[in-house]
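> sequence and predicted model, in that order:
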Amino acid sequence: MLVEVDNLAKRFGGKAAVDDVSFAASAGEIVGLLGANGAGKSTTMRMLVGYLRPDSGTVRIAGLRIEDGPALAQAVIGYLPESATGFPELTVREFLTFAAEARGLRGSARRVALERGVHAGDLAAVYGETLGSLSQGWRQRAWIGQAFLHDPPILVLDEPTTALDPGQKQRLRTLIRDASSTKAVLISTHILEEAETLCDRAIVFREGRISADKPVTELLDDRGRLTHAYQAYAGSG
Ligand SMILES: Nc1ncnc2c1ncn2[C@@H]1O[C@H](COP(=O)(O)OP(=O)(O)OP(=O)(O)O)[C@@H](O)[C@H]1O
């Protein structure tokens, strides 16, 4: 298993955001994290990538505990945070270069990574512009570029298509589908149609806990929709 999450829990100010969450993911699957606003998806993802320390529970990436190998986590995970902001003064080129170097890539490996990042975000048109000057969707694309550039075996993408125009939404879904044969992909989304067409498995969160973890095909109704299963397992939203 590339990703193993066991009994993760996190409280904020006495309130459980994530409560006893366990799941695993292997290469070749796209796992959709679904659930109402505040159900615990982003908090789970942040703990999974090592950005947030759980109160209890463990995350193992390729068998290693994440807190024992933060550099390894950087190298093997591509993470798109939910509100991807920051670095307004950097150009897209500088931002991707910084991301590549933070993952230890130099020389020709860095050049290949930059090309991959530019391709992933379809960024050629804004390569010399600063992140602060970009529209929200273009900024999201720059962050998609940094998530893909080191060709990581694990992608953790928090609502990756939200700010994108329809053409770019479709483009990114195709990119994720093509990449997934060799990667474990975890993607959170509120777009059920996206989960129906893109994901192999759905994990539904409800009030910090997992209420369902099943193949998408098992959750679809006879019209091929997730709507009913979602309502039953997510409870609201
Ligand atoms: N840094 C924080 N400080 C305090 N509370 C937080 C913090 N981060 C998350 N929470 C709380 O934890 C709970 C889970 O939030 P989380 O962002 O994980 O939900 P989500 O499922 O990703 O929601 P959404 O669909 O709205 O993005 C919420 O009640 C939220 O208010």
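That came in fine, so what should we check first?
> count of residues packed around Gly128?
Counted by other C-beta atoms under 10 Å, the residues lying close to Gly128 total 9. Any C-beta I mention is one placed from the backbone N, CA and C, and that applies to glycine too.
> same thing with the one 4 residues further on?
Gly132 has 13 neighbours, counted by other C-beta under 10 Å.
> check contacts around it.
Residues counted as contacts of Gly132 (C-beta atoms under 8 Å, 6 or more residues apart in numbering) are 88-89.
> where are the low-confidence patches of the chain?
For the chain, the stretches with pLDDT under 70 are 236-237.
> grab the most central residue of it for me.
In the chain, the centroid-proximal residue (C-alpha atoms, centre = their mean) is Leu157; its distance is 1.5 Å.
> show me the beta-bridge partners of that residue.
Note on Leu157: beta-bridge partners by DSSP bridges are Leu80, Ile187.
> ok, it to Gly32 distance?
10 Å (C-beta to C-beta, to the nearest Å).
> could you do Ala99 as well?
Distance of Ala99 to Gly32, given as C-beta to C-beta: 25 Å.
> before we move on, what about Gly63?
Look at Gly63 and Gly32: by C-beta to C-beta, they are 24 Å apart.
> the two: which has the busier surroundings?
Each of Gly63 and Gly32 has its neighbours counted (other C-beta under 10 Å); Gly32 has more, 25 against 8.
> quick one: that one and Glu196 touch, right?
No. Judged on C-beta atoms under 8 Å, Gly32 makes no contact with Glu196 at a distance of 9.0 Å.
> anything in contact with each of these two?
Between them, Gly32 and Glu196 share these contacting residues under C-beta under 8 Å, 6+ apart: Val216.
> report how many residues lie close to the nearest residue to Pro160 once chain neighbours are set aside.
Ranked by C-beta to C-beta, 6 or more residues apart in numbering and with sequence neighbours excluded, the top spatial neighbour of Pro160 is Leu80, at 5.3 Å. By other C-beta under 10 Å, 22 other residues sit near Leu80.
> neighbours of Leu114, how many?
For Leu114, the neighbour count with other C-beta under 10 Å is 21.
> residues near Ala100, how many?
Neighbouring residues of Ala100 were enumerated by other C-beta under 10 Å; the total is 22.
> just confirm it is within a helix.
Yes. The assignment for Ala100 by DSSP: H, G, I helix; E, B strand; the rest coil puts it in a helix.
> ok, now how distant is it from Pro160?
Per C-beta to C-beta, Ala100 is found 20 Å from Pro160.
> over to Trp143?
Separation of Trp143 from Pro160 (C-beta to C-beta): 9 Å.
> who has more neighbours, those two?
Of the pair Trp143 and Pro160, Pro160 is the one with more neighbours under other C-beta under 10 Å, namely 27 against 24.
> helices of the chain, residue ranges please.
Counting by DSSP state H, the chain has helices at residues 41-48, 70-76, 92-102, 107-121, 136-148, 166-179, 192-198, 216-219, 227-234.
> the ligand: which of the ones you listed is closest?
Of all these, helix 41-48 sits nearest to the ligand, with 3.2 Å by C-beta to the nearest ligand atom.
> so is that closest one next to the ligand?
Yes. Residues of helix 41-48 contacting the ligand under C-beta under 6 Å from any ligand atom: 41-43.
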